[in-house]
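Student: structure for the following, please:
(chains A and B)
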Number of protein chains: 2
Amino acid sequence: MEEGDEMKQKINANSTASINPAKPIRCIVKLGGAAITCKNELEKINEENLKTVSSQLRQAMMSGSSSGNVVGMDWSKRPGFSETSFVVDDFSDRPVLDSSSFVVVHGAGSFGHFQASKSGVHKGGLDQPLVKAGFVATRISVTSLNLEIVRALAREGIPSIGMSPFSCGWSTCKRNLASADVSMVANAIDSGFIPVLHGDAVLDGSQDCTILSGDVIIRHLAAQLKPDFVVFLTDVLGVYDRPPTEPDAVLLREIAVHEDGSWSVMKPTLQNINKQAKITVAAHDTTGGMETKISEASLIAKLGIDVYIVQAATNHSLRALSGELKGNNIPEDWLGTVIRFLR
Amino acid sequence: MEEGDEMKQKINANSTASINPAKPIRCIVKLGGAAITCKNELEKINEENLKTVSSQLRQAMMSGSSSGNVVGMDWSKRPGFSETSFVVDDFSDRPVLDSSSFVVVHGAGSFGHFQASKSGVHKGGLDQPLVKAGFVATRISVTSLNLEIVRALAREGIPSIGMSPFSCGWSTCKRNLASADVSMVANAIDSGFIPVLHGDAVLDGSQDCTILSGDVIIRHLAAQLKPDFVVFLTDVLGVYDRPPTEPDAVLLREIAVHEDGSWSVMKPTLQNINKQAKITVAAHDTTGGMETKISEASLIAKLGIDVYIVQAATNHSLRALSGELKGNNIPEDWLGTVIRFLR
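Tutor: As a prediction, this is how the structure comes out:
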């Protein structure tokens, strides 16, 4: 649910008081729409990727604790399964895993985009029947994806809690974030849960409604919650110097963000890297192109928070989620893009 | 998700400032769990009832406007249907229907109860793995019911918006409502949407977590939003003087609530009515029994708000939802229970 204009907004520091959850936040992770859904098929989840991502998140959150059997927390019926997976004995001898605090934000992928684009929800105008219906239809689609992601995480034993930005009171004005109450997210974290937010259709003070992208949500959460690091899980290895489908595309391994907000590629230092080229990831991953993605990530990095952009469901994503890269030199055998503030 | 203890609580007038949405609220309607789900089958919706209830709500909300074809607002895929129901031409010549403002709150029925009772979420204690998992599992179950109800309403052209009390910041302390932000509900109404809330698992200040019942939510919303009337849709005709399965059970048609909070049956005035009998509706509709139900309804009626308890998906429910009973004598051919403040 990316929207270029929204991404360019400045973080509205006045929108809420700073939030300090009792428990420090280890990581905010974005599940990119392209990584967890089948982008070319309406409302189809990439089940295999979602399962691997969920499993990697569990490993990253619960490192250090016993790796016993996963205790599923989704006891609801599933299509194709006869009954629920609930077995009370599972719990009798288990301590609560002291999971480190993560926040999950996901994009829409093949959920929501169809409904939003057909109706022009991002342009506003709830007096138009098509926009009003599209708002309802978009929320139905993105909340059903949210429910499926919460369930996938819960099946891996992650105490995930779906939280819709609309319901949490997030709203915009002129398509810029105007109000965002992070306190319920912080309360959920302090109670040991993993909040799962998503790009959403929200009310807008000047144009009735718009789309609030997952990336804007992440940036605001990062500014408020100050996580150790932020991981963007996507469907390609990372950020390239040109569309990754082109044969000569070069993966950018490390990008430094400077005090003035500009950024430069630190690694690779190949002479043939075309810095002038329009830097981009797969066009279908974001409507804003990769320049926007780097700008977004730069704003987070400038807060002193490492940002890793990495392919979902790979060994590289597991290493990023586990915090292996935090503050360290980037291992040669790790593939992905690190964006860091150069002090 | 009824909990006897919670129902007995007093409305916490200090929990939020009074909310005055620009648009007056016509009706808050409770979709009882027993009326919209199959209580004896895990997570099974009573599709026929839900469709009729949704259609009646549309008629009640949009009376006066043209009864043209329903413009569906659920464009998502449905199991058993090939593609989405979206047709852009549907919208070209349609004005936005000026629906009167309703708020929908639903119970859990065969969703959530299993998960909540197996784990004891209402008793709290998130340090116990079973409770923590049950909290996650309960929220998954009730939010999936919420999504299905929002979709059923949207298919009838009702601009419904799911809003989970947990996400909206509702929480309890000692199982009594402690915090409940109604502003997002009011904002959604002012934007022309129909908020759909539900009984939910929430955080509790003294015991970590508990269950917040739909009835407590309704009472708080009624106090804050001051609707014209409140309708409880249930699976029997109304309130009886004894379990309605007993052959001599008498339907109580009108109950008057007095200044001191006591109540008395005004109609029928039959000599054989057993006022001492434990007044009750179908035991499977509520864990608290009907005395609790009347006490709850009395608290709403004492605000000067008529309460109608009526069987869902009947002609009687349509008449109640349409406001026909408001301030009037109860028609002889209307079956249900009216609870009113006797000034």
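Student: chain B contacts on the stretch 1-150 of chain A?
Tutor: Contact residues, the stretch 1-150 of chain A versus chain B (CB under 8 Å from any CB of the partner chain): A:42-43, A:71-77, A:79, A:83-84, A:86, A:88, A:91, A:94-96, A:114-115, A:118, A:126-130, A:132-133, A:135-137, A:139-141, A:143-144, A:147, A:150. (Each C-beta comes from the backbone N, C-alpha and C, glycine too.)
Student: where's the residue nearest to residue A:133 when sequence neighbours are not counted, which helix or strand?
Tutor: In space, and not counting its chain neighbours, residue A:133 is closest to residue B:73: 4.3 Å by CB to CB, 6 or more residues apart in numbering or on different chains. Using DSSP states H and E, residue B:73 sits in no helix or strand.
Student: phi, psi for residue B:73 please.
Tutor: Per-residue torsions, residue B:73: phi -120, psi 10 (degrees, to the nearest 10).
Student: domain ranges for chain A?
Tutor: According to automatic domain parsing, chain A comprises the domains A:1-89+A:96-227, A:236-343.
Student: closest one to residue B:328 among those?
Tutor: Nearest to residue B:328 among the domains of chain A is domain A:1-89+A:96-227 (33.1 Å), distances taken as CB to CB.
Student: among the residues of the stretch 1-150 of chain A next to chain B, name the buried ones.
Tutor: Buried by 16 or more other CB atoms under 10 Å in any protein chain shown: A:42-43, A:71-77, A:84, A:86, A:91, A:94, A:96, A:114-115, A:118, A:126, A:128-130, A:132-133, A:135-137, A:139-141, A:143-144, A:147, A:150, out of the residues of the stretch 1-150 of chain A next to chain B.
Student: show me the residues you listed that map onto helices.
Tutor: Among those, the members found in helices (DSSP state H) are A:114-115, A:118, A:129-130, A:132-133, A:135-137, A:139-141, A:143-144, A:147, A:150.
Student: before we move on, the earlier item: separation between the residue nearest to residue A:133 and residue A:302?
Tutor: Noted for residue B:73: a distance of 41 Å to residue A:302, by CB to CB, to the nearest Å.
Student: thinking again about what came up before, and the residue nearest to residue A:133, what is it in contact with?
Tutor: Shown in contact with residue B:73 (CB atoms under 8 Å, 6 or more residues apart in numbering or on different chains): A:132-133, A:136-137, A:140, B:154-155, B:157-160.
Student: again, only using 6 Å
Tutor: With contacts defined as CB atoms under 6 Å, 6 or more residues apart in numbering or on different chains, residue B:73 is in contact with A:133, A:136-137, B:154.
Student: could you report the neighbour count for whatever residue of the stretch 151-300 of chain A ends up closest to chain B?
Tutor: Going by CB to the nearest CB, chain B is nearest to residue A:167 of the stretch 151-300 of chain A, at 3.9 Å. A count of nearby residues for residue A:167, using other CB atoms under 10 Å in any protein chain shown, gives 26.
Student: Provide a list of residues in contact with the closest residue to it other than its chain neighbours.
Tutor: Once flanking residues are discounted, residue A:167 sits nearest to residue B:167: 3.9 Å by CB to CB, 6+ apart. Going by CB under 6 Å, 6+ apart, residue B:167 touches A:163-164, A:167-168.
Student: got the phi and psi for residue B:167?
Tutor: The phi and psi torsions at residue B:167 (degrees, to the nearest 10) take the values phi -70, psi -30.
Student: and the pLDDT at it?
Tutor: The score at residue B:167 is 94. That number is its pLDDT.
Student: repeat for residue A:95
Tutor: Reported pLDDT at residue A:95 in the predicted model: 59.
Student: how about residue A:3?
Tutor: Reported pLDDT for residue A:3: 39.
Student: check the one 5 residues further on too.
Tutor: In the prediction, the pLDDT value recorded for residue A:8 is 31.
Student: also residue A:65?
Tutor: Per-residue pLDDT puts residue A:65 at 50.
Student: same check on residue A:272?
Tutor: Residue A:272 is assigned 52 on the pLDDT scale.
Student: what of residue A:285?
Tutor: If you check residue A:285, the pLDDT there is 40.
Student: for residue A:98, same thing?
Tutor: 63.
Student: same deal with residue A:46?
Tutor: 97.
Student: and it, how far from chain B?
Tutor: Look at residue A:46 and chain B: by CB to the nearest CB, to the nearest Å, they are 16 Å apart.
Student: give me the neighbour count for that residue.
Tutor: By the measure other CB under 10 Å, the count of residues near residue A:46 is 22.
Student: now do residue A:52
Tutor: Residue A:52, neighbours per other CB under 10 Å, totals 16.
Student: can you say which helix or strand has it in it?
Tutor: Counting by DSSP H and E, residue A:52 is part of helix A:47-61.
Student: can I get that helix in CSV? Just the C-alpha atoms.
Tutor: What follows is helix A:47-61, C-alpha atoms only, in CSV (Å, rounded to 0.1, in the frame of the first residue of the first chain):
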residue,chain,number,x,y,z
GLU,A,47,1.9,-19.9,1.8
GLU,A,48,5.3,-21.3,1.6
ASN,A,49,7.1,-18.0,2.0
LEU,A,50,4.7,-17.0,4.8
LYS,A,51,5.4,-20.2,6.7
THR,A,52,9.2,-19.8,6.3
VAL,A,53,9.0,-16.2,7.3
SER,A,54,7.0,-17.0,10.4
SER,A,55,9.4,-19.8,11.4
GLN,A,56,12.4,-17.5,11.0
LEU,A,57,10.7,-14.8,13.1
ARG,A,58,10.1,-17.4,15.8
GLN,A,59,13.8,-18.4,15.7
ALA,A,60,14.9,-14.8,15.8
MET,A,61,12.5,-13.8,18.7
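Student: show residues contacting that helix.
Tutor: For helix A:47-61, contacts defined as CB under 6 Å, 6+ apart pick out A:35-36, A:99-100, A:102, A:152-153, A:156-158, A:312-313, A:318, A:321-322.
Student: and these, which are buried?
Tutor: So, by 16+ other CB under 10 Å, the buried ones in the contacts of helix A:47-61 are A:35-36, A:99-100, A:102, A:152-153, A:156-158, A:312-313, A:318, A:321.
Student: where's the dip in pLDDT among the residues you listed?
Tutor: Among those, residue A:99 carries the lowest pLDDT, at 68.
Student: which parts of the stretch 101-250 of chain A are strands?
Tutor: For the stretch 101-250 of chain A, applying DSSP state E, counting those that start in this stretch gives strands covering A:101-106, A:160-162, A:171-173, A:176-179, A:194-198, A:200-204, A:208-212, A:229-234, A:239-240.
Student: so can I have CSV of those showing distance to residue B:225?
Tutor: Shown next, in CSV, are those (distance: least, CB to CB, whole Å):
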stretch, distance to residue B:225
strand A:101-106, 31
strand A:160-162, 25
strand A:171-173, 19
strand A:176-179, 21
strand A:194-198, 27
strand A:200-204, 18
strand A:208-212, 21
strand A:229-234, 39
strand A:239-240, 49
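Student: can you tell which of these is closest to residue B:226?
Tutor: Among the strands of the stretch 101-250 of chain A, the nearest to residue B:226 by CB to CB is strand A:200-204 (22.2 Å).
Student: quick one: that closest one to strand A:208-212, angle?
Tutor: Calculated by axes from the mean of the first three to the mean of the last three CA atoms, to 10 degrees, strand A:200-204 forms an angle of 140 degrees with strand A:208-212.
Student: how about low-confidence regions in chain A?
Tutor: A:1-19, A:64-69, A:82-85, A:87-90, A:92-99, A:270-290 (pLDDT under 70).
Student: what comes up buried for stretch A:330-342?
Tutor: Residues of stretch A:330-342 classed as buried: A:330, A:334-341 (neighbour count, 16+ other CB under 10 Å).
Student: with stretch A:178-197 instead?
Tutor: With burial defined by 16+ other CB under 10 Å, the residues of stretch A:178-197 counted as buried are A:178-189, A:191-197.
Student: for chain B, tell me which of those show up nearby.
Tutor: Contacts with chain B within the buried residues of stretch A:178-197, counted by CB under 6 Å from any CB of the partner chain: A:184, A:191.
Student: now the angle between strand A:229-234 and the helix holding residue A:52, please.
Tutor: Computed by the same axes, to 10 degrees, the angle between helix A:47-61 and strand A:229-234 is 170 degrees.
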